[in-house]
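1. sharing a model that was predicted from the sequence below.
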Amino acid sequence: MDVEVEYPHEGAVVVRPAGRLNMVAAPALREVVDRVVAEGRTHVVLDLGATTFVDSSGLGALIAGLKTARAAGGDLRVAAVPAQVLAVLSLTNLDRVLRPYPTVADALA
Amino acid sequence: MTGPLAQVRRSGVAGPGCLELVHAMLAELWAGAPDVDEADRMMFEIAVVEIAGNVVEHTRPRPVGCDLVLSAHADALEATFHDDGVDADVDLTDTSLPDPLAETGRGLPMARAAVDVLEHTRVEGANRWFLRRVRTR
């Protein structure tokens, strides 16, 4: 899994994990979120448009990122969420905690 | 009784790399049974990958051999895992979701919710997992 990072404006970051977010890839996403939040970018948007599959380990990484961002006074939002990811968020009721935003722009607003 | 519309089987030593193999096996299954509904594919894949992950998590302290059979039938999708790892020791009667901010503990609840049947049995030193999802059409 590749993770791209973009800095749209002060304090914000867009993180794009591409491919499958599973037990193999989840630690890399956690590290990226930890790093950008430690740098002071606490408004984290995860652009999941290129994320093809998320399993329970991937969900764990999303929750870990959410807690890291909130602990720093920010937030983590998910955007452009594909059908499979919506399905796992719904199956686990996490769509109430990680409310999906239609686009990255919506999540950055 | 007719046989499956499509069936894929692999055996080998379980490890994190197996997850990609499981996805490839599922792609092969769908290629052999192209009329399976997209939602059925998605839910079945979610459950199968979670159980594969559970098998991989139990590959310590020694290598674990695993056999996986995926079948598409006219009325259902089925997966059977056999692995010789330590007892998975799961309680499938309680698959309640953890606290919303918990970082672990969602695998089995997700798998349970995504299929109609999820069974684990320990037979002669091996774990046997059986999953069945009734096709919506």
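-> Done, it's in.
2. stretch B:83-92: end-to-end distance?
-> 18 Å (Cα to Cα, to the nearest Å).
3. residues contacting the nearest residue to residue B:102 once chain neighbours are set aside?
-> Leaving aside its sequence neighbours, residue B:102 sits nearest to residue A:63 (Cβ to Cβ, 6 or more residues apart in numbering or on different chains; 7.1 Å). (Each C-beta comes from the backbone N, C-alpha and C, glycine too.) Applying Cβ atoms under 8 Å, 6 or more residues apart in numbering or on different chains to residue A:63 gives the contacts A:94, A:97, A:98, B:100, B:101, B:102, B:103.
4. check which helix or strand residue A:63 maps to.
-> Counting by DSSP states H and E, the element that carries residue A:63 is helix A:56-71.
5. list the buried residues for that helix?
-> Neighbour-count burial for helix A:56-71 flags A:56-66, A:68-69 (criterion: 16 or more other Cβ atoms under 10 Å in any protein chain shown).
6. contact partners for residue 13?
-> As the question left the chain open, I've gone with chain A. Counted by Cβ under 8 Å, 6+ apart, residue A:13 has contacts A:5, A:6, A:7, A:36, A:41, A:43, A:44, A:45.
7. I was thinking of chain B, sorry if that wasn't clear
-> B:63, B:64, B:65, B:66.
8. quick one: the spatially closest residue to the second one that is not a sequence neighbour from residue A:87, how far?
-> For residue B:64, the nearest residue in space outside its immediate sequence neighbours is residue B:85; the separation is 3.7 Å by Cβ to Cβ, 6+ apart. The span separating residue B:85 from residue A:87 equals 28 Å under the rule Cβ to Cβ, to the nearest Å.
9. same deal with residue A:108?
-> 25 Å.
10. again, but for residue A:109
-> Distance from residue A:109 to residue A:87, by Cβ to Cβ: 26 Å.
11. neighbour-wise, which of residue A:108 and residue A:87 wins?
-> Taking other Cβ atoms under 10 Å in any protein chain shown, residue A:108 and residue A:87 do not tie; residue A:87 has more neighbours (21 against 16).
12. count of residues packed around residue A:74?
-> Per other Cβ under 10 Å, the neighbour tally for residue A:74 reads 19.
13. does the worst-scoring helix or strand of chain A on mean pLDDT reach chain B?
-> The least trusted helix or strand in chain A, going by mean pLDDT, DSSP states H and E, turns out to be strand A:2-6, with a mean of 93. No. For strand A:2-6, no contact with chain B is found by Cβ under 8 Å from any Cβ of the partner chain; the gap never falls below 15.0 Å.
14. listing partners with orientation, what would you give for that strand?
-> strand A:12-21 (antiparallel) (DSSP bridges).
15. got the buried residues for the helix or strand that the partner strand is followed by?
-> Next in sequence after strand A:12-21, counting helices and strands by DSSP H and E, comes helix A:26-38. For helix A:26-38, burial by neighbour count (16+ other Cβ under 10 Å) applies to A:26, A:29, A:30, A:32, A:33, A:36, A:37.
16. and the angle from helix A:26-38 to helix A:56-71?
-> If you take axes from the mean of the first three to the mean of the last three Cα atoms, to 10 degrees, helix A:26-38 sits at 10 degrees to helix A:56-71.
17. hmm, helix A:26-38 in reach of chain B?
-> No. Judged by Cβ under 8 Å from any Cβ, helix A:26-38 makes no contact with chain B; its nearest approach is 9.3 Å.
18. just to revisit the earlier point, can I get the buried residues of helix A:56-71 in a markdown table including distance to residue B:24 and pLDDT?
-> Listed next are those as a markdown table, based on distance: Cβ to Cβ, whole Å; pLDDT from 0 to 100:
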| residue | distance to residue B:24 | pLDDT |
| --- | --- | --- |
| A:56 | 20 | 97 |
| A:57 | 19 | 96 |
| A:58 | 19 | 97 |
| A:59 | 23 | 98 |
| A:60 | 24 | 98 |
| A:61 | 23 | 98 |
| A:62 | 25 | 98 |
| A:63 | 28 | 98 |
| A:64 | 28 | 98 |
| A:65 | 28 | 98 |
| A:66 | 31 | 98 |
| A:68 | 33 | 98 |
| A:69 | 34 | 98 |
